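*Asks:* Model the structure of this input:
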Amino acid sequence: MLRFGFSITCSPLVIVCVLLGAAPVTAQDADVATLQQQCESNDLPSCITLGERYLSGEGVQENRAQAALAFRKACSGGHAPGCTSMGVMFVMRRDYPQAVAHHGKGCEGGDPRGCRNLGALYQRGTGVPKDYEQARAYYTRACDGGDARGCAFLGEMHQFGTGVQKDNEAALPLFRRACDGGDAIGCMKLGEFYQFGYAVAQDDTQAVTYYRMSCDAGYAQSCTTVGRMYYRGLGVEKDEQQALAYYRKACEAGDSRGCELVEHPSW
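*Replies:* So this is what the prediction gives:
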């Protein structure tokens, strides 16, 4: 599991499961000293990347206080992703009213991640009264703004009937948008829909394709699923060595079920 990025337990109910990355490639490739100088010179996207480095400990000692300073500078300078990232910091501190306020600033400033995270707070009732209608509205804004994870979360509301009528037909195109945008949950959901024939013709070959895409995008449980399909010969030629390779990949990414299957493949 990536510490401050994609989590194998990622869902709207796991509030800190967000993608903080929002800086340009040039900033992402810079060393910490350079990022510090750029941030101090009011290059606000560099402040975002600097904050992420301090959170992850990449190239510098992990330091949440320094991360918060960098994100706060970006937010104070009017850079919406900085406000969203500060919102995440407040969630980590369990200061939910401030989390709501900063995600709201991020959303209103044009960062779809802020809208998506605000939707998650409304769906859970964290820092605000639980309100599925508001959650759906913010997920819709996020999805329409290009946030693939927002599309996935919106799709799940339709799939499970959360505040709306349960409707796999409505969920399917949202999961496609999410997967097309590179979101691992969206691809996993498409795999699930094809495996079990939800709103599509049942097709194990398509299911494996989407589960593999989800696995490659970092969703450890999908790696376990691909392994099980290789072990059973579902949608692919039966291959126990490939199954074992995927179980190991899942285990290394943090899925305990994958670890169990490395030791006991037939379980």
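*Asks:* How confident was the prediction at Arg3?
*Replies:* Looking at Arg3, its pLDDT is 27.
*Asks:* now do Phe153
*Replies:* Among the per-residue scores, Phe153 shows a pLDDT of 98.
*Asks:* ok, now Phe6?
*Replies:* 33.
*Asks:* residues contacting Glu240?
*Replies:* Tyr230, Tyr231, Pro265 (CB atoms under 8 Å, 6 or more residues apart in numbering). (Each C-beta comes from the backbone N, C-alpha and C, glycine too.)
*Asks:* Which helix or strand contains the second one?
*Replies:* Spelled out, it's Tyr231. Using DSSP states H and E, Tyr231 sits within helix 220-232.
*Asks:* Select from the contacts of Glu240 the one having the most neighbours.
*Replies:* Neighbour tally across the contacts of Glu240 (other CB atoms under 10 Å): the maximum, 23 neighbours, falls on Tyr230.
*Asks:* Does that residue touch Gln242 like I think?
*Replies:* Yes. Contact between Tyr230 and Gln242 holds when scored by CB atoms under 8 Å: they sit 4.4 Å apart.
*Asks:* Now do the shared contacts for these two.
*Replies:* Jointly contacting Tyr230 and Gln242 under the rule CB under 8 Å, 6+ apart are Val236.
*Asks:* Can you give me the separation between Ser56 and Cys47?
*Replies:* 15 Å (CB to CB, to the nearest Å).
*Asks:* So those two - more neighbours on which side?
*Replies:* Between Ser56 and Cys47, counted using other CB under 10 Å, the more crowded position is Cys47 (31 against 16).
*Asks:* Point out the other helices and strands that the helix or strand encompassing the more buried one packs with.
*Replies:* Taking DSSP H and E as the criterion, Cys47 maps to helix 44-56. Packing partners of helix 44-56 (3 or more CB pairs under 8 Å, 6 or more residues apart in numbering; DSSP states H and E): helix 25-29, helix 32-40, helix 64-76, helix 80-92.
*Asks:* For that helix, give the mean pLDDT please.
*Replies:* 96.
*Asks:* Alpha carbons only: can I get that helix in CSV?
*Replies:* Coordinates of each C-alpha in helix 44-56 appear next as CSV, following Å, rounded to 0.1, in the frame of the first residue of the first chain:
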residue,chain,number,x,y,z
LEU,A,44,2.7,27.1,-5.9
PRO,A,45,2.6,23.7,-7.7
SER,A,46,6.1,23.1,-6.4
CYS,A,47,4.8,23.7,-2.9
ILE,A,48,2.4,20.8,-3.5
THR,A,49,5.1,18.5,-4.6
LEU,A,50,7.3,19.6,-1.7
GLY,A,51,4.5,18.8,0.7
GLU,A,52,4.0,15.3,-0.8
ARG,A,53,7.8,14.6,-0.5
TYR,A,54,7.6,15.5,3.2
LEU,A,55,4.6,13.3,3.7
SER,A,56,6.1,10.3,1.9
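*Asks:* For it, what is the distance to the chain centroid?
*Replies:* 18 Å (CA atoms, centre = their mean, to the nearest Å).
*Asks:* cool, stretch 158-171 as well?
*Replies:* For stretch 158-171 - counting by CA atoms, centre = their mean - the centre lies 20 Å from the chain centre.
*Asks:* pLDDT on that stretch, on average?
*Replies:* pLDDT averaged over stretch 158-171 gives 98.
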